[in-house]
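In: build me a model from this:
(chains A, B, C and D)
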Protein chains: 2
Amino acid sequence: MNGRFAISMHILTLLAKANGEWVTSDFLASSVNINPVLVRKELSNLRNKGLVISREGKNGGSMLAKPASQIRVSDVFLATRQGAFLGTSRNIPNPDCPVGKQINKHLDTLYEEAENALIQQLGDSTLDSFSRRFD
Amino acid sequence: MNGRFAISMHILTLLAKANGEWVTSDFLASSVNINPVLVRKELSNLRNKGLVISREGKNGGSMLAKPASQIRVSDVFLATRQGAFLGTSRNIPNPDCPVGKQINKHLDTLYEEAENALIQQLGDSTLDSFSRRFD
DNA sequence: TAAATCTGTAACAATAAACAGAACAGTTAT
DNA sequence: ATAACTGTTCTGTTTATTGTTACAGATTTA
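Out: Alright, predicted model coming up:
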């Protein structure tokens, strides 16, 4: 799995701490310690999901699109996840095998149930409560 | 994320269906549609976690180490997971930044809480109940 | 309007992870 | 002894992820 959730949480925490100031991708990148372009890509995604807004030009940057108390950690999970979170094999199971023929269907069901439980748990935390954990 | 959980679930379902017969890695590989060596690697891992047993030599193969009703899906998750399941960024956050300095510690806490909820949910299903979903 | 400072995005390179396959030693049944 | 397996290592290939450069466009400030 990749680190998009962790990076987005890091970015959003910084924005929550900035409290209404426009924060540049260079500043975010130096805290996360990755390339500013990668930060902008993540910001682009978070923007599409309605979690942040950005302003171009001089004195530009990004900030939260709504109060940190209204952003749940599950929103971040949903914004950054890609595909089945428990993993999928990229090979196509043997359709001539009774198990291979149905395995993906049943795994999907299992994944959905598991993911719902996970989302519910993550929904208990907001970005605000998370960012308050920092000194 | 990789597909080790999915592959292990597939393998274990086949073994559950085999009901006490020794099943060869070639047979498992042809259903999963991956290389037999990869299957044996997964079997090696499942064996180390006490979920399957194997027998070498002619007429050898693998079978479940205990009844399918005593293998929970969470056991498979725990056997196949590697590292933080929500993903970690491989870069080291800036230690001079108040957020960067602490982000990993707080993410770890968050992950642990989320993972506990996930494991509890997955613990509700056994390999037996899963394999009964197949026609 | 010109310069400075940002974002947005595309294109490509570099790196890391996952997977495939060959090879072969060791084990067991017949 | 032979055949049919597992267990493991090694190496190559493919795929996914991350890094970098480059540059157009937006906005503020002077």
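
In: what's the distance between the residue positioned nearest the centre of chain A and chain B?
Out: Central residue of chain A (Cα atoms, centre = their mean): A:Thr80, 3.2 Å from the mean position. Distance from A:Thr80 to chain B, counting by Cβ to the nearest Cβ, to the nearest Å: 8 Å. The C-beta positions use only the backbone N, C-alpha and C, and glycine is treated the same way.

In: surely that residue and A:Ser8 touch.
Out: Yes - here A:Thr80 reaches A:Ser8: they are 5.0 Å apart, a contact under Cβ atoms under 8 Å.

In: does chain B sit close to the host helix or strand of A:His10?
Out: Assessed by DSSP states H and E, A:His10 sits inside helix A:4-18. Yes - applying Cβ under 8 Å from any Cβ of the partner chain, one finds helix A:4-18 in contact with chain B at A:4-7, A:9-10, A:13-14, A:17.

In: just checking, what packs against that helix?
Out: helix A:25-32, helix A:36-48, strand A:61-64, helix A:73-80, helix A:127-131, helix B:98-122 (3 or more Cβ pairs under 8 Å, 6 or more residues apart in numbering or on different chains; DSSP states H and E).

In: run the last query once more with 10 Å
Out: helix A:25-32, helix A:36-48, strand A:52-55, strand A:61-64, helix A:73-80, helix A:127-131, helix B:98-122 (3 or more Cβ pairs under 10 Å, 6 or more residues apart in numbering or on different chains; DSSP states H and E).

In: go through those and name the closest to B:Leu86.
Out: helix B:98-122 (5.5 Å; Cβ to Cβ).

In: okay, the angle between that closest one and helix A:4-18?
Out: On the basis of axes from the mean of the first three to the mean of the last three Cα atoms, to 10 degrees, helix B:98-122 is oriented at 130 degrees to helix A:4-18.

In: is A:Gly83 in a helix, a strand, or coil?
Out: Under DSSP: H, G, I helix; E, B strand; the rest coil, the three-state class of A:Gly83 is coil.

In: so how far is chain B from it?
Out: Taken as Cβ to the nearest Cβ, the span from A:Gly83 to chain B is 8 Å.

In: and for A:Ile34?
Out: 5 Å.

In: contacting residues for that residue?
Out: A:Ile34 sits next to A:3, A:7, A:10, A:28, A:42, B:89-91, B:93 when contact means Cβ atoms under 10 Å, 6 or more residues apart in numbering or on different chains.

In: now these in CSV, with distance to DNA strand C?
Out: Below are those laid out as CSV (distance: Cβ to the nearest atom of the strand, whole Å):
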residue, distance to DNA strand C
A:Gly3, 10
A:Ile7, 15
A:His10, 15
A:Leu28, 8
A:Glu42, 10
B:Ser89, 11
B:Arg90, 6
B:Asn91, 11
B:Pro93, 17
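
In: tell me the phi and psi of A:Lys49?
Out: Backbone torsions of A:Lys49, given as degrees, to the nearest 10, read phi -90, psi 0.

In: burial count for it?
Out: A:Lys49 has 15 neighbours, counted by other Cβ atoms under 10 Å in any protein chain shown.

In: so who does the most far-flung residue of chain A relative to its centre touch?
Out: Going by Cα atoms, centre = their mean, the residue of chain A most distant from its centre is A:Asp96, 38.2 Å out. Taking Cβ under 10 Å, 6+ apart, we find A:Asp96 in contact with B:30-31.
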